[in-house]
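>>> Here is my input, please return the structure:
(one chain, ligands or ions: 1)
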Amino acid sequence: MSAAASSEYPVALVTGSTSGIGAAVARRLGRDGYAVVLHSRASAKAGQELAAELGRATYVQADLADDAERVALVRAAAAQWGRLDVLVNNAGISRVIPHADLAAATPSVWRDLYEVNVIAPFRLVAEAEPMLRAAAARGRPGCVVNISSHAGVRPKGASIPYAATKAALNHTTRLLALSLAPEIRVNAVAPGLVDTPLTAGWTAAQELWRERSPMRRAASPEDIAQVVAMLVASDYLTGEILLSDGGLNLT
Ligand code: NAD
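Next up is the predicted model:
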């Protein structure tokens, strides 16, 4: 499809969508009637297979630590579908470092996490802004959903740098919501533990969620995709950080 031909379907770009939460969000938005732009840093084969499975979808590879590739990703999405209604900033990285081990949280760990978890989502919104505003002109506000973490809300999480980047993403969400309304809504979902490749070996956290959280389990990627779909379906909510941790924060 060329840039001149605008898709008749609303279009959603979901970053980091070849596995885990991102893949579940892509499948869910596909079922909800969106054309989906899938993305990942490396797993092109998985991306092309998921695009074929979804049907109304394309895949773009980009390293979000690199600013030129961030810009190229949004431009590729625009070129393929001619419009962009929803941006889900899901791609993210984590580092597991005991909070008391300050020496292990090196400047390079801080910089790597900040590039992917904070600067990349902001830059994608900046690049996509004109297209998201154009969505409002068609009748529904453009929509951004950032996937942050409960670690950005409470003093918890895989490491201090990880938690701090997610807190920064939550604050960026509220600042952008204020700046971009009413044409563009900006919200975040802050999951607790989710069963994905990222957390496969996190046995202590899995036990904590089984034993202490009111819902007695970690989230599935589909649980989080449902929360994202709720935010996408709204025409009104903006600036919200939806904590989705099965109630663990209550204990
Ligand atoms: P995952 O490892 O399955 O997926 C992460 C995705 O991010 C991958 O598709 C990967 O390609 C992409 N990515 C990472 N670095 C990238 C880069 N430099 N350039 C482009 N893409 C890059 O992990 P997941 O558990 O599905 O996590 C998705 C999001 O949810 C992340 O932002 C994560 O911080 C957040 N989160 C996860 C949990 C959890 O328990 N799994 C909890 C809270 C928040």
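
>>> Counting by contacts, list what the top helix by length along the chain packs against.
Ranked by residue count, the top helix of the chain under DSSP state H comes out as helix 160-180. Here helix 160-180 touches helix 107-114, helix 120-137, strand 142-147, strand 184-191, strand 241-244, going by 3 or more Cβ pairs under 8 Å, 6 or more residues apart in numbering; DSSP states H and E. C-beta: built from backbone N, CA, C; applies to glycine.

>>> any low-confidence regions in the chain?
1-4 (pLDDT under 70).

>>> Spell out which residues of it are next to the ligand.
Residues of the chain found near the ligand (Cβ under 6 Å from any ligand atom) are 16, 18-22, 40-41, 63-65, 90-94, 116, 147, 149, 191, 193-194, 196-199.

>>> So which of those residues belong to strands?
40, 147, 191 (DSSP state E).

>>> and residue 30, how many residues sit next to it?
Neighbour count of residue 30, defined by other Cβ atoms under 10 Å: 22.

>>> Identify the residues contacting it.
By Cβ atoms under 8 Å, 6 or more residues apart in numbering, the contact set of residue 30 is 36, 54, 55, 56, 57.

>>> between the helix or strand that contains it and strand 142-147, how big is the angle?
In this structure, residue 30 sits in helix 20-31 according to DSSP states H and E. Relative orientation of helix 20-31 versus strand 142-147 (axes from the mean of the first three to the mean of the last three Cα atoms, to 10 degrees): 150 degrees.

>>> So for the longest helix of the chain, what gets flagged as buried?
For helix 160-180, a neighbour-count test (16 or more other Cβ atoms under 10 Å) marks 160-170, 172-174, 176-177, 180 as buried.
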